[in-house]
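>>> Got a sequence here, can you model it:
(one chain, ligands or ions: 1)
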Amino acid sequence: MLIETELWKPPTTRAIRRANEILLAQYGEKIARKRDPLDGIIVIMLSQATNDLNCDRAFSSLKSAFPSWEGVLPAPVETIADAIRVGGLANQKASRIKKLLHEIYDEQGDLDLSWMHDASAERCRAFMEKFKGVGPKTIACVLVFFLDKPAFPVDTHVFRVTKRLGWIREKAGTNEAHKVLEAAIPDDCKLNLHCNIIQHGRAICRADGNGGPRCEECVLIRHCAFAKTRFSTEVIRASRGGSTPFPANSDFFVTVE
Ligand code: SF4
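Take a look at the predicted model:
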């Protein structure tokens, strides 16, 4: 048990900023690049149940087969699936992509989402929420990585690490995590915290099935609810607090050009 539900409080801005500073010192600053938001929605759909490399390969193959998204509208699902086969779950993803493109076309009469660059994050969010299968994580990823607007996607690493830190309730699901973290994390910290927590989750605060957390080497040990349940105050104070250098890593599923 990390933190009893009735004892849990959302993280303070000060605690979040401190964690952001620590992770920035460890993993560095991240920069978002503005790109086509429809590319973003599709690549995030393709990222389901595959690794970053095969997701990028599937996206590149899809763009080669269909240089414009309008070309996907009349295409048979099997043809779309053939183009994305390398990313796995090809038939399911092809069907979802085709359906989504039709829904967007029916909604606005074309597939041009470039207007989102000049629209508010709220308007972009409200538009994307209309479409079935476009959930909070996809929306947040498109906002932050393709539109350079403030949002905080919660993927499996972010969910695990923020839960261990005590930033979300132990019993919180991903929807609650999105709501709590979006509200609590200052906009200017969102991109860096999201990316750096993922790196931290891969390198140090690993899933139980993947070696588990390496708390003794963790730069966040003095700020972590889980560590406080596991180690004495003396041990935490005496910890190396992350003196081990970690390799830089820009390996994210949104690497696609
Ligand atoms: S102290 Fe342990 S549980 Fe807490 S963030 Fe670091 S590795 Fe994860």
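>>> Low-confidence regions, this structure specifically.
Within the chain, the set of residues satisfying pLDDT under 70 comprises 1-6, 240-257.
>>> residues from it in reach of the ligand?
Residues of the chain found near the ligand (C-beta under 6 Å from any ligand atom) are 161, 164-165, 204-205, 213-215, 218, 220-221, 224, 226-227. Just so you know, the C-beta spots here come from the backbone N, C-alpha and C atoms, and that holds for glycine as well.
>>> one more time with 5 Å
If contact is defined as C-beta under 5 Å from any ligand atom, the residues of the chain in contact with the ligand are 164, 205, 213, 215, 218, 220, 221, 224, 226, 227.
>>> who wins for most neighbours among the residues you listed?
The member of the residues of the chain next to the ligand surrounded by the most neighbours (other C-beta atoms under 10 Å) is residue 218, with 26 neighbours in all.
>>> That one and residue 238: what is the separation?
Spatial separation of residue 218 from residue 238 under the definition C-beta to C-beta, to the nearest Å is 14 Å.
>>> Now the residues of the chain next to the ligand in JSON lines, please, with extra columns for secondary structure.
Conversion of those to JSON lines gives the following (DSSP: H, G, I helix; E, B strand; the rest coil):
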{"residue": "164", "secondary structure": "helix"}
{"residue": "205", "secondary structure": "strand"}
{"residue": "213", "secondary structure": "strand"}
{"residue": "215", "secondary structure": "helix"}
{"residue": "218", "secondary structure": "coil"}
{"residue": "220", "secondary structure": "coil"}
{"residue": "221", "secondary structure": "helix"}
{"residue": "224", "secondary structure": "coil"}
{"residue": "226", "secondary structure": "helix"}
{"residue": "227", "secondary structure": "helix"}
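>>> any chance you could map the strands in the stretch 51-200 of the chain?
Counting by DSSP state E, counting those that start in this stretch, one finds no strands in the stretch 51-200 of the chain.
>>> Report the contact partners of the residue of it found nearest the ligand.
At 3.9 Å from the ligand, residue 164 is the closest residue in the stretch 51-200 of the chain, using C-beta to the nearest ligand atom. Counting by C-beta atoms under 8 Å, 6 or more residues apart in numbering, residue 164 touches 2, 205, 213, 224, 225, 226.
>>> Just the CA trace of stretch 45-61, in CSV.
Only the C-alpha atoms of stretch 45-61 are listed here, as CSV (Å, rounded to 0.1, in the frame of the first residue of the first chain):
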residue,chain,number,x,y,z
MET,A,45,-2.9,4.9,-32.9
LEU,A,46,-0.1,3.0,-34.6
SER,A,47,2.0,3.0,-31.4
GLN,A,48,-0.5,0.7,-29.6
ALA,A,49,1.1,-2.6,-28.6
THR,A,50,4.3,-2.1,-30.5
ASN,A,51,7.7,-0.6,-29.9
ASP,A,52,8.8,2.9,-31.1
LEU,A,53,10.8,1.6,-34.0
ASN,A,54,8.1,-0.5,-35.5
CYS,A,55,5.6,2.2,-34.9
ASP,A,56,7.7,4.6,-36.9
ARG,A,57,8.2,2.0,-39.6
ALA,A,58,4.5,1.4,-39.9
PHE,A,59,3.8,5.2,-40.1
SER,A,60,6.5,5.7,-42.8
SER,A,61,5.1,2.7,-44.8
